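*Asks:* structure, please.
(chains A and B)
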Amino acid sequence: MSKENKDVLYGLYDDEEILLKAVDQANSSHLDIMDVFSPFPVHGLDPKLGLSESRLHIAGFVYGAIGTLTAFLFMTWVFTRDWPIIFGGKPYWSVPAFIPITFEVTVLFASIGMVVSFYTVCGMAPGITNPTLDDRITDDKFCIAFDVTGADDASKDKLKGFFSQSGASEVNMKTI
Amino acid sequence: MNQFTFESRYKSVLIGFMVLGLVCLGITFAIDDELHTRFWTNYLQNSVFFTGIAFMSLFTLAAFTTAWAGWHTLVKRVWEAYSLFLIPGLVLMLIVVAGVLGHFHHLYHWADAEEVAKDVILKGKSSFLNAGWYSLGTLIIVGIWIFFAWKMRQLSLDEDVNGTPEFKHHRILRVWSAAFLPIAGFSSAAIIWQWVMSVDAHWYSTLYAWYAAASWFVAAFALTILTVIFLKGQGYLENVTEEHLHDLGKYLFAFSIFWTYLWFSQFMLIWYGNVGEETVYFFHRREHYPVLFYGNLILNFVAPFFILMRNDTKRKYGTMAFIAIIVFFGHWWDYFQMIKPGARLTAMDVLAHHGAGAEHAAEAGEHALGFAMGFTIPGLLEIGTMLGFLALFVFVAFNRLAKASLVPQNDPYLQESLHHHVEIHGDESH
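*Replies:* Here you go, the predicted model:
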């Protein structure tokens, strides 16, 4: 997350099938893709970009396990040590009665923990505006972006050639 | 290979297991008490369990067709074949019905006129729990299921040959499927009350039917996974990939949790309410059958929960076969613990009241609740009987499977199933 501005050359595609072919083409001509944007997850795109599987679900499991322990141990402490009350003639340590709350707290911890982790990793928070290359990449366009900061005209032309060859409907430059 | 051939080597293995099952039933009958309680409970448990799996396969087909699902099309012939086990299932249950009518078993407390006469609760329930309703209910309800299974199978087979570009068959199939869903929902509950819950005739639970039906459902999916893996191993179903296995695994995982949810909901409300008439069911099982009671939760919740939680375990054939065997056995175990304790008490009651010195015998009955092979835990004879019934089920299913193409031709969703992808991150490239 450098503060310096980047010059980005990007092409917009109309269809995810064209996008996937274009990514293959870029890979085979050894072009260094900065990022790909799409309005929805495209099947088979991640391995082409060499992205490894997200570890968010492992974090989710850990948060969930922390939630389970927190709820269960807290209730155990309250009802056996801190403030023992007999409910309906049940023993102080009534495990079946703890299970629904333990379950709810597990879900709460896992979901909130995962949202916070995801936002942190993506550099998102309330009040932070992330630059968008084009509004339509959240709607109906698929985008391949190249970082061309400090690149010479020859390499920019090469990228433009790639875009027109691979069927991009639009090619733009933006400094973000 | 699109055409499954029911080779004679499969047949001989299956017939071998059926003979084993018969031998086990025979030995159980011979070494049993005078009411043959162990024999009849084994018979009832397995008949109900496998008939239920057939019913749930039909229910799954109907639900998926109604929901316009497409991923399952490549495995739908397996469920069609399973659903036709309802016909032998009805025959198996009619033997239990004959026993109720002819009084040659004592599975049900309410079937004994003398007992009902002096028991206020049984008398109060006798308008539903009686031989007439039991026989008619079994005949009519399973009859309706068979009709739907047959009808949907015929439409599916006819589509193979006479399918049209307008998908005429599938539109009709959709109507039949949608019609079956409410019928299945209500009738399965009624039949579970009659077949299983009435074993504990004094007790009732409004959640019971769902819980027992969820058990059938998970068992049906476990068996489907095993069959698919077997058929793939034999070189059939080459278009079924780990993508389809993944979805079957999700169902196995989700409905294992669903089963646990229902089990716990039933348990906790009864535990919390603490009404003697209700708690007796769980108290009795926890005190006298702890292995069944806790084993049930380990096999059907803990094992699938931790093994199937991760994405990648649902895509591995070995892991899936392993967990499917555990869960299948687990739900068979669940039916074991539903039926055995209640039927054992009924048998003790009958023996005590009909024998000499009624009160003395009843007292002896309480003491006799100690360990008994085939009641406290399933013995080798129970396992053998289960394998026999399973072989019968698989025999019938394979027989049907061999009668049609494994890939439903002309099904509108065939292409969707052939190109099914569930994982964004998979290795598959376009």
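*Asks:* what is the worst-scoring helix or strand of chain A on mean pLDDT packed up against?
*Replies:* When each helix and strand of chain A is scored by mean pLDDT, DSSP states H and E, helix A:45-49 comes last, with a mean of 88. Other helices and strands packing on helix A:45-49, by 3 or more CB pairs under 8 Å, 6 or more residues apart in numbering or on different chains; DSSP states H and E, are helix A:16-28. Glycine gets a C-beta too; all of them are placed from N, C-alpha and C.
*Asks:* helices or strands next to the helix it packs on in the packing?
*Replies:* strand A:7-13, helix A:45-49, strand A:142-147, helix A:153-165.
*Asks:* can you put the ones you listed in TSV and add distance to B:A149 and mean neighbour count?
*Replies:* Output for those, formatted as TSV (distance: least, CB to CB, whole Å; neighbours: other CB atoms under 10 Å in any protein chain shown):
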stretch	distance to B:A149	mean neighbour count
strand A:7-13	49	22
helix A:45-49	42	16
strand A:142-147	46	22
helix A:153-165	57	13
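*Asks:* among those, show the one with the smallest mean pLDDT.
*Replies:* Among those, helix A:45-49 carries the lowest mean pLDDT, at a mean of 88.
*Asks:* next helix or strand past that helix?
*Replies:* Proceeding N to C from helix A:45-49, the next assigned helix or strand is helix A:56-77, under DSSP states H and E.
*Asks:* so which bits of that following helix are buried?
*Replies:* A:59-60, A:63-64, A:67-68, A:71-72, A:75 (16 or more other CB atoms under 10 Å in any protein chain shown).
*Asks:* which SS state does A:H43 fall under?
*Replies:* With DSSP: H, G, I helix; E, B strand; the rest coil as the basis, A:H43 sits in coil.
*Asks:* tell me how many other residues surround it.
*Replies:* Applying other CB atoms under 10 Å in any protein chain shown, we find 18 residues neighbouring A:H43.
*Asks:* tell me how far it lies from chain B.
*Replies:* Per CB to the nearest CB, to the nearest Å, A:H43 is found 5 Å from chain B.
*Asks:* cool, A:L49 as well?
*Replies:* 11 Å.
*Asks:* what sits closest to that residue if chain neighbours are left out?
*Replies:* A:V36 (6.3 Å; CB to CB, 6 or more residues apart in numbering or on different chains).
*Asks:* look up phi and psi at that neighbour.
*Replies:* The phi/psi pair for A:V36 (degrees, to the nearest 10) reads phi -120, psi 140.
*Asks:* can you redo the buried residues of helix A:56-77 as JSON lines with pLDDT and distance to B:V78?
*Replies:* Listed next are the buried residues of helix A:56-77 as JSON lines, based on pLDDT from 0 to 100; distance: CB to CB, whole Å:
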{"residue": "A:A59", "pLDDT": "95", "distance to B:V78": "38"}
{"residue": "A:G60", "pLDDT": "95", "distance to B:V78": "34"}
{"residue": "A:Y63", "pLDDT": "97", "distance to B:V78": "39"}
{"residue": "A:G64", "pLDDT": "97", "distance to B:V78": "35"}
{"residue": "A:G67", "pLDDT": "97", "distance to B:V78": "39"}
{"residue": "A:T68", "pLDDT": "97", "distance to B:V78": "37"}
{"residue": "A:A71", "pLDDT": "97", "distance to B:V78": "42"}
{"residue": "A:F72", "pLDDT": "97", "distance to B:V78": "41"}
{"residue": "A:M75", "pLDDT": "96", "distance to B:V78": "46"}
